[in-house]
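Student: I would like to see how this sequence folds:
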Amino acid sequence: MSNRTTIASLSQEVTTEAEAYAYFERLRWNTNPVCAHCDSLNVYFIEPSNGVSRATRTGHMSQRRVWRCRDCKRQFSVITNTVMHGTKIPVRVWLMVIFELCSSKNGVAAREVERKYGVAGRSAWFMLHRIREAMSHDDASLFIGNVVADEVFIGGNPEFRHANKRNARYVSDKTPVVTLINAETGEARSTVVTWVDSASLGGVIRENVDMATATLHTDSYKGYIPVGRKMAGHYSVDHKAGQYVTEKSNGTNLCENYFAQLKRGLKGTHIHVSPEHLHRYLGEFDYRFSTCDMTDTERMADLATRVAGRLTYKVATAA
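Tutor: Residues are numbered from 1 along each chain as shown. Predicted coordinates:
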């Protein structure tokens with residue numbers, strides 16, 4: 001693995017499925033392979049008889065690199081029980097798409113993956129959602145220090161819709177999203193809510209923030225006042241009065257920067273995102289924003305350590 005990975009260097013370094021498996025093993029395990037079933041380190045690699053591939057149960061030859069655990073006696077590979085578990089798409093293609101998703105600030109559309117890598121449109125869509133699932137934050141640690149909070153509404157303006165899809169009063173049905181950003185670490189966490197009020201804002205903040213030690217920074221929306229009273233501090237800016245920064249707070253500028261990138265990606269790359277799947281797109285943009293100080297190579301290596309867990313097609317399409 002090179003110090004500065006590009007699509008060109010990755011395609012040259014990974015030319016076969018065996019090399020793709022070995023590359024992903026270095027990303028995920030480094031030099032310490034772990035059993036996918038019992039987390040044991042007491043494992044060994046099963047060398048193919050011809051040194052390259054082995055016959056499967058159906059008689060086909062596969063370059064999948066297989067390991068065996070001495071404790072639980074079960075076989076596994078680096079993609080077992082991960083978001084790639086059971087995939088029919090070559091791991092080499094997975095690596096390319098993962099790198100593109102890690103390096104593209106505006107994201108990657110499923111149709112783009114379909115055209116560039118020759119996979120079916122439905123498979124490309126499911127593939128990207130599984131990667132987004134790995135990107136989504138699963139850290140239970142609470143934010144401390146200075147926390148910036150703001151909300152945004154995702155969706156099209158009803159004024160520009162076709163007449164047969166436009167409601168009579170031009171009432172917006174955009175999806176509200178609340179974003180919290182830790183000013184110290186730069187980590188972003190976005191949550192889809194049904195409505196923006198004191199109850200929903202308070203619920204999101206209590207779930208992600210250490211109320212006793214954190215200081216909240218918001219705009220002048222009154223919905224933040226009840227939860228702000230229970231925190232170590234609460235500072236706000238009045239945008240209506242042209243106030244964006246005060247002596248005690250930089251306001252919601254961090255969230256505004258995040259929303260600008262989020263809207264560019266959703267409108268420019270994905271065009272339309274349904275509310276049912278919006279949370280995974282938010283996880284993707286949260287991850288890239290939170291790791292903006294990393295190089296593309298470092299971000300890809302970090303994501304490889306987060307792929308544990310499976311997202312089935314039934315679950316992905318259940319919404």
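Student: hey, where'd the helices end up in this protein?
Tutor: According to DSSP state H, the chain carries its helices in the segments 7-13, 17-29, 91-103, 110-117, 121-135, 198-208, 225-228, 253-265, 278-290, 296-304, 313-316.
Student: and of the ones you listed, who's closest to Gln75?
Tutor: Closest to Gln75 of the helices of the chain is helix 17-29 (CB to CB; 13.6 Å). Heads up, the C-betas are built off the backbone N, CA and C, glycines and all.
Student: beta partners for Thr218?
Tutor: Ser236 (DSSP bridges).
Student: hang on, isn't it packed against Ser236?
Tutor: Yes - with contact defined as CB atoms under 8 Å, Thr218 counts as touching Ser236 (5.0 Å).
Student: identify the contacts common to those two.
Tutor: Common contacts of Thr218 and Ser236 (CB atoms under 8 Å, 6 or more residues apart in numbering): Tyr224, Gly228.
Student: more crowded one of the two?
Tutor: Thr218 (25 against 21; other CB atoms under 10 Å).
Student: give the contact list for that one.
Tutor: Thr218 neighbours (CB under 8 Å, 6+ apart): Val148, Ala149, Asp150, Tyr224, Gly228, His234, Tyr235, Ser236, Thr252.
Student: can you flag the buried ones in these?
Tutor: Val148, Ala149, Asp150, Tyr224, Gly228, His234, Tyr235, Ser236, Thr252 (16 or more other CB atoms under 10 Å).
Student: pull the distance from the lowest-mean-pLDDT helix or strand in the chain to the chain's centre.
Tutor: Here the helix or strand of the chain ranked lowest by mean pLDDT, DSSP states H and E is strand 54-55, holding a mean of 76. When C-alpha coordinates are averaged (CA atoms, centre = their mean, to the nearest Å), strand 54-55 and its chain have centres 35 Å apart.
Student: what's the burial count for the nearest residue to Val227 once chain neighbours are set aside?
Tutor: Nearest non-adjacent residue to Val227, counting by CB to CB, 6 or more residues apart in numbering: Gly202, 4.0 Å away. For Gly202, the count of nearby residues is 18 (other CB under 10 Å).
Student: for Ala110, see how far away Gly202 is.
Tutor: In this view, Gly202 and Ala110 are 36 Å apart by CB to CB, to the nearest Å.
Student: and if you look at Val148?
Tutor: Going from Val148 to Ala110 by CB to CB gives 32 Å.
Student: ok, Thr16 touching Gln63?
Tutor: Yes - distance between Thr16 and Gln63: 6.1 Å, which falls inside the contact criterion (CB under 8 Å).
Student: who's more crowded, those two?
Tutor: Ranked by neighbour count (other CB under 10 Å), Thr16 and Gln63 place Gln63 first, with 18 against 13.
Student: next up, the contacts around that one.
Tutor: Contacts for Gln63 were tallied using CB under 8 Å, 6+ apart; they are Thr16, Glu17, Ala18, Tyr21, Val52, Ser53.
Student: now these as JSON lines including distance to Val192?
Tutor: Output for those, formatted as JSON lines (distance: CB to CB, whole Å):
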{"residue": "Thr16", "distance to Val192": "41"}
{"residue": "Glu17", "distance to Val192": "37"}
{"residue": "Ala18", "distance to Val192": "41"}
{"residue": "Tyr21", "distance to Val192": "36"}
{"residue": "Val52", "distance to Val192": "47"}
{"residue": "Ser53", "distance to Val192": "45"}
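Student: any buried residues in stretch 252-270, and which?
Tutor: Of the residues in stretch 252-270, those with enough neighbours to count as buried (16+ other CB under 10 Å) are 252-256, 258-259, 261-262, 265-266, 269-270.
Student: work out the gap between that stretch and the centre of the chain.
Tutor: In terms of CA atoms, centre = their mean, the centre of stretch 252-270 is found 15 Å from the chain centre.
Student: cool, stretch 145-163 as well?
Tutor: On CA atoms, centre = their mean, the centre of stretch 145-163 falls 20 Å from the chain's centre.
Student: next, the distance between the ends of it.
Tutor: 48 Å (CA to CA, to the nearest Å).
Student: what's the answer for stretch 241-252, then?
Tutor: Its start and end residues considered, stretch 241-252 measures 15 Å (CA to CA).
Student: stretch 211-224 now?
Tutor: 13 Å.
Student: I'd like to know the average pLDDT value across that stretch.
Tutor: In this model, stretch 211-224 has an average pLDDT of 96.
Student: what's the answer for stretch 183-192, then?
Tutor: Computed over stretch 183-192, the average pLDDT equals 95.
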